[in-house]
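Chemist: Quick one, fold the following:
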Amino acid sequence: MLLLLRKGNVIIRAKKNINVEVGSRIQLAREEAGLTQEQLAEQLDLTTQFISIIERGVSGASLETIVKLCRVLNVSCDYLLLGKREAPSAERIAARCLPLSDEQRIVMDRVVADIVALLNT
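Modeler: Numbering: from 1, shown residues only. So this is what the prediction gives:
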């Protein structure tokens, strides 16, 4: 349902809560991916203005655009649409260590061990 509000002689289109929620998750996922609005727009073949519009919840994105966003931002549709994040697999976490040097892996192993110990207390 589209809500139109009158403010003086101007009719304002009210934002839908779902668009605002999805838009904020798109923005967060974009920032976590280290992308600017311009870079994301380029990868999706959209305008920067449209990325801004959907991130602010002014308008919703089509299903096609949501699917493209999920692929580019490496997030699930469940996350963008519902806010549900799945726990990463051990393989995914380990894959992040592949580009590290042996010395960096030693440091990473110590950090992970310390974090696991803290989480288990």
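Chemist: Could you use CA atoms for every contact and neighbour count after this?
Modeler: OK.
Chemist: how about the helix or strand where E42 lies: buried residues?
Modeler: E42 belongs to helix 37-44 when assigned by DSSP states H and E. Within helix 37-44, the residues that count as buried by 16 or more other C-alpha atoms under 10 Å are Q37, L40, A41.
Chemist: ok, the first one - contacts?
Modeler: It stands for Q37. Contacts for Q37 were tallied using C-alpha atoms under 8 Å, 6 or more residues apart in numbering; they are R30, T48, I51, S52.
Chemist: Report the separation between it and L46.
Modeler: 10 Å (C-alpha to C-alpha, to the nearest Å).
Chemist: now swap in L73 and tell me
Modeler: Distance from L73 to L46, by C-alpha to C-alpha: 15 Å.
Chemist: Neighbour count: these two, which is higher?
Modeler: Taking other C-alpha atoms under 10 Å, L73 and L46 do not tie; L73 has more neighbours (19 against 13).
Chemist: can you give me the strands in the chain?
Modeler: All strands of the chain, identified by DSSP state E, fall at 4-7, 10-13.
Chemist: At the geometric centre of this structure, which residue do we find?
Modeler: What sits nearest the mean C-alpha location of the chain, by C-alpha atoms, centre = their mean, is A29, with 1.8 Å.
Chemist: Pretty sure R71 is one of the things that residue touches, is it not?
Modeler: No: taking contacts as C-alpha atoms under 8 Å, A29 lies outside contact range of R71: 11.3 Å.
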